[in-house]
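In: Sequence first, then the predicted structure, then my questions.
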Amino acid sequence: MAIVEHTDGPGPSGGEEVRRRDFINIAAVSFAGVGAAVVALPLIDQMNPSADVLALASTEVDLSAIQPGQAIKTTFRSQPLFVRHLTDKEIAEADKVDPSTLRDPQTLEQRTVDGKKQWLITMGVCTHLGCVPLGAGEGEVRGEYGGYFCPCHGSSYDTAARIRKGPAPKNLEVPKFSFTSDTAILVG
Amino acid sequence: MSFPWAEQYKPQHPVMQWMDEKLPLPRLVYNAIGAGYPVPRNLNYFWNFGVLAGVALVIQIITGVIMAMHYGANTLVAFGTVEQTMRDVNAGWLMRYAHANGASFFFIVVYLHIFRGLYFGSYKAPREMVWLLGLVIFLLMMATAFMGYVLPWGQMSYWGAKVITGLFGAIPVVGEPIQTWLLGGFAPGNASLNRFFSLHFLLPFVIAGVIILHIWALHIPGSSNPTGVEVKGPQDTVPFHPYYTAKDGFGLGVFLICFSVLLFFAPNFLGHPDNYIEANPLSTPAHIVPEWYFWPFYAILRAFTVDFFFVPAKLLGVLAMFASILLLFFLPWLDTSPVRSGTYRPVFRKYFWILILDVLILGYCGGAPAEEPYVMISQVAAAYYFAHFLIILPLISRFEKPLPLPNSITDAVLAKYAKADGEPAAVPAE
Amino acid sequence: MVRIGAFFVGLFFAGWLLISFLFGAYSYVTEPPAKTVEHEFHLAPKHVSFSFDGPFGRYDRQQLQRGFQVFKEVCSACHSLKFVAFRDLEGIGYNEAEVKAIAKQWALKTPDVDPATGEMSTRDPVPSDYFPKPFANNVAAAAANNNAIPPDLSLMTKARHHGSAYIYSLLTGYTDQAGYKNAKGQELLKEFPDAKTPDALHFNPYFANLNLAMAPPLAADDQVAYADGTKATVDQMAQDVAAFLTWTAEPKLENRRTAGLATIVFLLIATGLAYMSYQNIWADKKKAA
């Protein structure tokens, strides 16, 4: 850059020589620039989750003690995870709704595992601003749609944890999970 | 604060003109390390080390801030968090090794910078303040390095902290309360670790501040040069940029190659195996040594083995160790020779090289176990160290007959190129 | 004034140091320091070559796996490996499923809280767990091992000079103290009759103070049965476990060397360019007028 401006003007050896000199200076400075940019990569990458944090990124949940109508709160990646055993009535309520009328159209089937429709596994993180909705704990308010209710700004979720009312833009997130047995799941 | 022929900052772009009116920071940089700073044209490669020391500080601050992101300053977890950084954090091993070896390189560069100043008389008038501020930086570096070495909470960290704070215990009456106060306890513990971490994070920024003063003080008389003859006119100088930025760029490349060889292929070469053992207050390592850059001073500390009447040897050692650094503050007034550069001082030069050898011997003895014959060797070497600065140097400057000085920097340069060229005066461009 | 003061300070320090030197030299001559048994009989580690020697050496995954087997079947009964997690074993060539199986079948269990009762209990380790420690704490370790605490092995090869060779030498270096001679032909028990190894300890010239609490762990060939068909001699097992412990101490060694090679090649080119740029900027200044 600036170095170029200071190399001498056309000397006795003529323009050809000057261009060659400029080229070396530009090459040297660009090389240093590329080097600095490459060095920046590890400096940035070190702030990403470390290997030990990533290794904890899966949670096993035992479902055997959760009765229909009950829900538990556990943690997945240091955030609340809701595990809910839906009653037949709640399943029917969720199925009754026409998904096309919803803000974030999804059916209960799409949000649960085939044949295990009664197990609703969602993150306990409101999609509005990240508060923990009520409704998983015993005796907590479940909101007017019988699912979850976020007290921060009044978002209400239905029995499939889909957003029905309030400011939240999306349904509660369903994490990746799989059944390791009939009564246990592995999340993450 | 500069020569009248210095190039003037003339911003062309309207944005830069606007900036110059509101906050003339680009002008400051231009005049400090840009084309606006005229520098003697004859500086040799030893003048690279000032800029390299600055780069080393920047490397230490960047890697240090990153290490602090992953470190836990608690005796229960400190060792483990450093290990976890090395194993699990992305590029953590690189940050850790760069920080540990960066400290060594910082000292290598600064020692070369100091010895450059000693040989070429850079401490003499009118640059005494540059020298004094440089010594302040050196003291701050030593404090920072010592506290940083405690942080991994290995065996050497713990016992180093114990031994070095124990030096203060040698002071009569107030010694032990001071030691307890420094540690925040009776032995190094959580309180010590936390305060060392806090200060280890703070001091580098203090160093950066003193560096600004160091450069400011340098710009008042301008840089010294290998002939020691002051600048007489524009023909003696070149603008710092591009001439010395280009030279420092090349110097930086060589520095980084050396650094990379150590960092990537022998990262533990300068370290000590015992620091990979977690601190154990119940068991002292067989052979406690500080990091290599403290060895000469450690040798002086241990060289005192005999009490001086009522003054215990331990206190003498501590006093001598501090004196060995403090005496450097008096150097501008101990060496009164009007000639700066060792090149034109035949007797001074001879003793300078003896001093280099002496410091290397002290360093070797400081790293060796406290056994004979190392203690005896370090006694003789330490005696020379004090005699050199406090007795020999003042005498030399009084009785030495210097060689004739060149008339000017340009004369010296022209003589050199004329000699190098032989018959024709043409030098190949590349 | 400064110079007069300096002269006396210098005279004091230098003079007293020289006097101390004379005292020291006198007693060095009159009572030379006694030789110690460690000084005369301790041996530096043997020379042994590994695949990871030299600036471009790499780990041999097969050897690391054999070494891991030795650790698992021999060392892990007493020694912890607390900075290494099961998941790290993917670094020595096991896949995710194998790591999971190794963790699950590990003889020592991971302490945890029983989720039903809240009591302390144990469970099978999972890949994210660190290797369980054989003893709950140092007191338990000392009580079970005749007052010697088996050190953690995660960093052992970095915590000793020439660590890999040291582990190998220590494991193969047990010998009978009776009649033991050093390279100068001096017999230990004749030179130092008081230095007889106590009954509970074991003589090993590669150990710092020559007497080691650990009984020879690799006693006979075929103590472990290697899956890859390598003959499990004591020498082979010692080399393999030394290699494995080098990996546990420095798992990023290969990344470091690869990154280092690329960095240095880059820097050589960049420095070459910087030198050319430097020369051409200075070209007109370096001509004699």
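Out: Yep, it's here. Numbering: from 1, shown residues only, chains lettered A, B, ... in the order given.
In: CA atoms for contacts and neighbours, from now on please.
Out: Fine.
In: For the closest residue to B:Ala187 other than its chain neighbours, give me phi and psi.
Out: Nearest residue to B:Ala187, sequence neighbours excluded (C-alpha to C-alpha, 6 or more residues apart in numbering or on different chains): B:Lys162, at 6.8 Å. Phi and psi for B:Lys162, reported as degrees, to the nearest 10, are phi -70, psi -50.
In: Could you count how many residues lie near B:Lys162?
Out: Here the count is done by other C-alpha atoms under 10 Å in any protein chain shown, and B:Lys162 has 18 residues near it.
In: Could you check how far it is from chain C?
Out: 20 Å (C-alpha to the nearest C-alpha, to the nearest Å).
In: Same question for A:Ala168.
Out: From A:Ala168 to chain C the distance is 34 Å (C-alpha to the nearest C-alpha).
In: My guess is the residue nearest to B:Ala187 contacts B:Pro188. True?
Out: Yes. Counting by C-alpha atoms under 8 Å, B:Pro188 is a contact partner of B:Lys162 at 6.3 Å.
In: Below-threshold pLDDT in the chain: ranges please.
Out: Just going to use chain A. Where chain A drops to pLDDT under 70, the residues are A:1-18.
In: think we crossed wires, I meant chain B
Out: Across chain B, the ranges flagged by pLDDT under 70 are B:1, B:420-430.
In: Now for whichever residue of the stretch 101-250 of chain C sits closest to chain B, how many residues are close by?
Out: Closest residue of the stretch 101-250 of chain C to chain B, C-alpha to the nearest C-alpha: C:Ala159 (4.2 Å). By other C-alpha under 10 Å, 18 other residues sit near C:Ala159.
In: In three-state terms, label it for me.
Out: Assigned by DSSP: H, G, I helix; E, B strand; the rest coil, the conformation of C:Ala159 is coil.
In: which residues in chain A form strands?
Out: Along chain A, counting by DSSP state E, strands occupy A:59-62, A:71-76, A:79-85, A:119-123, A:146-150, A:155-158, A:163-165, A:177-181, A:184-187.
In: list the buried ones in stretch C:235-252?
Out: Neighbour counts over stretch C:235-252 (16 or more other C-alpha atoms under 10 Å in any protein chain shown) mark C:236-252 as buried.
In: Next step: those restricted to helices.
Out: C:236-249 (DSSP state H).
In: Can you pull up the most central residue in chain B?
Out: B:Val110 (2.9 Å; C-alpha atoms, centre = their mean).
In: what about the strands of chain A, which gets the closest to B:Ile220?
Out: Smallest distance to B:Ile220 across the strands of chain A (C-alpha to C-alpha): 59.6 Å, for strand A:79-85.
In: Can you tell me which helices and strands that closest one packs against?
Out: Here strand A:79-85 touches strand A:71-76, strand A:119-123, going by 3 or more C-alpha pairs under 8 Å, 6 or more residues apart in numbering or on different chains; DSSP states H and E.
In: quick check: angle from the last one to strand A:71-76?
Out: Using axes from the mean of the first three to the mean of the last three C-alpha atoms, to 10 degrees, one finds that strand A:119-123 and strand A:71-76 are set 50 degrees apart in direction.
In: Burial check on the residue in the stretch 201-350 of chain B positioned nearest to chain C, number of neighbours?
Out: In the stretch 201-350 of chain B, no residue comes nearer to chain C than B:Pro273, which is 4.2 Å away by C-alpha to the nearest C-alpha. B:Pro273 is flanked by 21 other residues according to other C-alpha under 10 Å.
In: Would you agree it is in contact with C:His162?
Out: No. Between B:Pro273 and C:His162 there is no contact under C-alpha under 8 Å: 9.4 Å.
In: among the ones in helices among the buried residues of stretch C:235-252, which two are most distant?
Out: C:Gln236 and C:Ala249 (20.1 Å).
In: that older thread, tell me the contacts of the residue of the stretch 101-250 of chain C closest to chain B?
Out: Neighbouring residues of C:Ala159 by C-alpha atoms under 8 Å, 6 or more residues apart in numbering or on different chains: B:272-277.
In: mind listing what the residue nearest the centre of chain A touches?
Out: Centroid check for chain A by C-alpha atoms, centre = their mean gives A:Glu173 as the closest residue, at 8.1 Å. Residues near A:Glu173 by C-alpha under 8 Å, 6+ apart: A:122-123, A:125, A:127.
In: Show me where the stretch 151-289 of chain C has its helices.
Out: C:163-172, C:188-191, C:234-249, C:253-282 (DSSP state H, counting those that start in this stretch).
In: Helices of chain A, start to end?
Out: A:2-6, A:15-45, A:51-55, A:88-96, A:108-111.
In: now the ones you listed as TSV including mean neighbour count and distance to B:Phe146?
Out: Output for the helices of chain A, formatted as TSV (neighbours: other C-alpha atoms under 10 Å in any protein chain shown; distance: least, C-alpha to C-alpha, whole Å):
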stretch	mean neighbour count	distance to B:Phe146
helix A:2-6	14	40
helix A:15-45	15	25
helix A:51-55	16	30
helix A:88-96	15	66
helix A:108-111	17	58
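In: Same list, those, but as JSON lines with distance to B:Val413 please.
Out: Listed next are the helices of chain A as JSON lines, based on distance: least, C-alpha to C-alpha, whole Å:
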{"stretch": "helix A:2-6", "distance to B:Val413": "22"}
{"stretch": "helix A:15-45", "distance to B:Val413": "24"}
{"stretch": "helix A:51-55", "distance to B:Val413": "58"}
{"stretch": "helix A:88-96", "distance to B:Val413": "91"}
{"stretch": "helix A:108-111", "distance to B:Val413": "82"}
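In: near chain A, which residues of the stretch 1-150 of chain C show up?
Out: Contact residues (C-alpha under 8 Å from any C-alpha of the partner chain) of the stretch 1-150 of chain C with chain A: C:87, C:127-128.
In: which one of those sits closest to chain A?
Out: Comparing the residues of the stretch 1-150 of chain C next to chain A against chain A with C-alpha to the nearest C-alpha places C:Ser128 closest, at 5.3 Å.
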